[in-house]
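>>> using only what follows, build the 3D model:
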Amino acid sequence: MNNTSTPPTSTSAPGLLADKVAFVSGAGRGIGAAAARLFAREGARVLLAARTESQLKKVTEEIRAAGGVADHVVCDLADGDSVRGAVQRAVELYGRLDVAFNNGATGQPPGPMDELSETDFDEVAAVNFKGPWLAMTAQVAAIRATSGSGAIVNTSSVGSLLANPALPAYGAAKRAVNSLTASAAVTYGPENIRVNAVAPGTTLTEMLREWDERSPGTIDHLNSRTPLGRAADPEEIAQAAAWLLSDRSSYVTGTVLRVDGGMWA
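Reported below is the predicted structural model:
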């Protein structure tokens, strides 16, 4: 009798985004940077896009040092030619586009609607509303021309779901993103292109910390309204986006997924 046994073969499950080409905007910091790192760890080849090249270069080098595949492109999210060129760059580098995370955004000075300047309003609308529209139209075209099917996730905000007197223009732009997301999901679902959004709650990004510096106590106040009693780490939002972009959410489209610690429960 042979008492020897063959040790079990160790196999690791493929990454959530294995073999996918991913485009991530706002990837120089915050949620976007966390998403770029996570997507690469989950097996994607990632193109990072944002306005600040030094930030993009730093995150790209971190991903490569960890064994991931990444590159970056400077992109102005409010400029159509810039956005289309950035999306096309992903196709040039990696041969196709499978998934995209439209996370880039800009904030507004907190305060009542009548105290916001027209210049600030225009910037918020251009980056947070027009930007995702530009990106989605370019991404749908690239997915159609290459992979034939795919998924897109936009970053919204829980501040888009109800009145947002502290950030009225920002909240309105993000609510518009929710509508664009739903419309795109219905339009492109027959082509097997899924479109969803994540709506983060309080998340420890540079944008939130800057708000807290201008209005001390903001983070503590938001945490007091959150059942989990804390702010999210950017990677927690990125994890939700990764799932929505992955094949494991293959029957999910048109959803605005709250990732808010229960704030709006």
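>>> now the strand or helix carrying M207: mean pLDDT?
Using DSSP states H and E, M207 falls within helix 206-214. Averaging pLDDT along helix 206-214 yields 81.
>>> and for that helix, what's in contact with it?
29-30, 105, 107, 109-110, 202, 218-219, 231 (Cβ atoms under 8 Å, 6 or more residues apart in numbering). For the C-beta atoms, the positions are set from N, CA and C on the backbone; glycine is no exception.
>>> and the strands in the stretch 151-265 of the chain?
193-200, 256-259 (DSSP state E, counting those that start in this stretch).
>>> tilt between the longest one and helix 206-214?
Taking axes from the mean of the first three to the mean of the last three Cα atoms, to 10 degrees, strand 193-200 and helix 206-214 form an angle of 20 degrees between their directions.
>>> pull up the pairing partners for strand 193-200, direction included.
Here strand 193-200 has these sheet partners by DSSP bridges: strand 150-155 (parallel), strand 256-259 (parallel).
>>> quick one: closest of those strands to N178.
N178 sits nearest to strand 256-259 of all the strands paired with strand 193-200, at 5.1 Å, using Cβ to Cβ.
>>> CA atoms only for that closest one - export them in PDB, please.
Output in PDB follows, covering the C-alpha atoms of strand 256-259 (Å, rounded to 0.1, in the frame of the first residue of the first chain):
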ATOM      1  CA  VAL A 256     -26.100  54.100  -8.400                       C
ATOM      2  CA  LEU A 257     -24.400  52.100  -5.700                       C
ATOM      3  CA  ARG A 258     -24.200  53.900  -2.400                       C
ATOM      4  CA  VAL A 259     -20.900  53.300  -0.600                       C
END
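>>> buried sites along that strand?
256-259 (16 or more other Cβ atoms under 10 Å).
>>> over to stretch 221-240?
Across stretch 221-240, burial judged by 16+ other Cβ under 10 Å covers 222-223, 226, 231-232, 234, 236-240.
>>> name the helix or strand for G85, please.
Per DSSP H and E: helix 80-94 holds G85.
>>> show residues contacting that helix.
21, 23, 25, 45, 47, 49, 71, 73, 75-77, 97, 100, 131, 134-135, 138-139, 142, 145-146.
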